[in-house]
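J.: sequence below, structure please.
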Amino acid sequence: MSGRAAIPVEERLIAALDLPSIEEARAAAANLRGVVRFFKIGLQLFPLGGAELARELIAQGNRVFLDFKFYDIGETVRNAVASAVRIGADFLTVHGDREILTAAMEGRGNSHLKILCVTVLTSLDQKALQDMGYRGTVEQLVLQRALLAREAGCDGVIASAREAADLRAALGPDMLIVTPGIRPAGSAINDQKRVMTPAGALAAGADYLVVGRPVLRAEDPRAAALSILKEMQEA
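T.: As a prediction, this is how the structure comes out:
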């Protein structure tokens with residue numbers, strides 16, 4: 001995005017609180033206080049009180065990314081996004097076609113909530129897409145969905161850092177590119193397929209990096225986050 005270099009590095013790292021309980025997520029966020037300022041709350045915590053935790057984190061001065069991946073008929077998504085606006089978060093993810101994406105933008109109204117379109121999950125590779133019936137390449141599908149998101153007025157996209165450079169060239173400087181599947185050198189990739197290092201992701205044009213297990217499952221999560229931030233700063 002234009003001016004993304006002005007975003008503080010510590011706000012470009014999003015710690016994914018993908019943990020089995022609200023108590024563990026709250027403790028993880030508290031442990032990272034002063035190092036990480038942006039936290040992702042996803043589907044694992046959603047039914048356990050994720051929205052309430054989001055409000056709590058926001059009240060403490062943090063930024064929050066609601067990774068709820070809304071996907072339903074347009075009217076339902078419009079109303080769901082309007083409800084999510086009340087939480088006060090910064091980002092919200094949505095899946096879908098033009099109607100769904102347009103409805104999501106209508107639902108957010110004049111709020112500061114940014115709507116991010118999920119392109120292709122970073123856990124999917126070419127074989128997985130073929131199994132699902134897609135005949136094009138991963139890169140073609142990512143670009144197709146990203147361009148659709150731009151036409152629908154979305155604020156940004158979720159995509160692997162491996163596609164970030166092509167997306168930046170196609171989308172221009174203003175749309176956000178948020179990249180999960182970030183793995184520091186030497187980290188296990190777990191169930192991710194399309195991964196990249198923090199420095200590589202920023203060099204490719206990503207605005208925000210989402211990191212979960214390499215931080216939360218580290219022996220010293222604060223040190224792990226600081227190491228990633230150092231690599232980002234140097235990049």
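J.: those strands in the protein, which residues are they?
T.: 13-16, 38-42, 63-70, 91-94, 114-118, 156-158, 176-179, 208-211 (DSSP state E).
J.: in the protein, what helix or strand scores lowest on average pLDDT?
T.: The weakest-scoring helix or strand in the chain, judged by mean pLDDT, DSSP states H and E, is helix 126-131 (a mean of 83).
J.: counting contacts, what elements does that one pack onto?
T.: helix 138-152 (3 or more Cβ pairs under 8 Å, 6 or more residues apart in numbering; DSSP states H and E). Any C-beta I mention is one placed from the backbone N, CA and C, and that applies to glycine too.
J.: give me the distance from the helix it packs on to the chain's centre.
T.: On the basis of Cα atoms, centre = their mean, to the nearest Å, helix 138-152 sits 16 Å off its chain's mean C-alpha point.
J.: same deal with stretch 13-31?
T.: How far stretch 13-31 lies from its chain's middle: 15 Å, per Cα atoms, centre = their mean.
J.: tabulate the strands of the chain (CSV), appending mean pLDDT.
T.: As requested, those are exported to CSV (pLDDT from 0 to 100):
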stretch, mean pLDDT
strand 13-16, 97
strand 38-42, 97
strand 63-70, 97
strand 91-94, 98
strand 114-118, 97
strand 156-158, 96
strand 176-179, 96
strand 208-211, 96
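J.: so which of the ones you listed is the most packed in?
T.: Using mean count of other Cβ atoms under 10 Å, the stretch among the strands of the chain with the largest mean neighbour count is strand 156-158, at a mean of 27.
J.: list the neighbouring strands of that strand plus their orientation.
T.: Sheet pairing for strand 156-158, assigned by DSSP bridges, gives strand 114-118 (parallel), strand 176-179 (parallel).
J.: now these in a markdown table, with distance to D207?
T.: Putting these into a markdown table (distance: least, Cβ to Cβ, whole Å) gives the following:
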| stretch | distance to D207 |
| --- | --- |
| strand 114-118 | 10 |
| strand 176-179 | 5 |
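J.: what's the spacing between the residue lying farthest from the centre of the chain and V118?
T.: Relative to the centre of the chain, the most outlying C-alpha is that of R135, 26.1 Å out, by Cα atoms, centre = their mean. Separation of R135 from V118 (Cβ to Cβ, to the nearest Å): 20 Å.
J.: that concludes my questions; thank you for your assistance.
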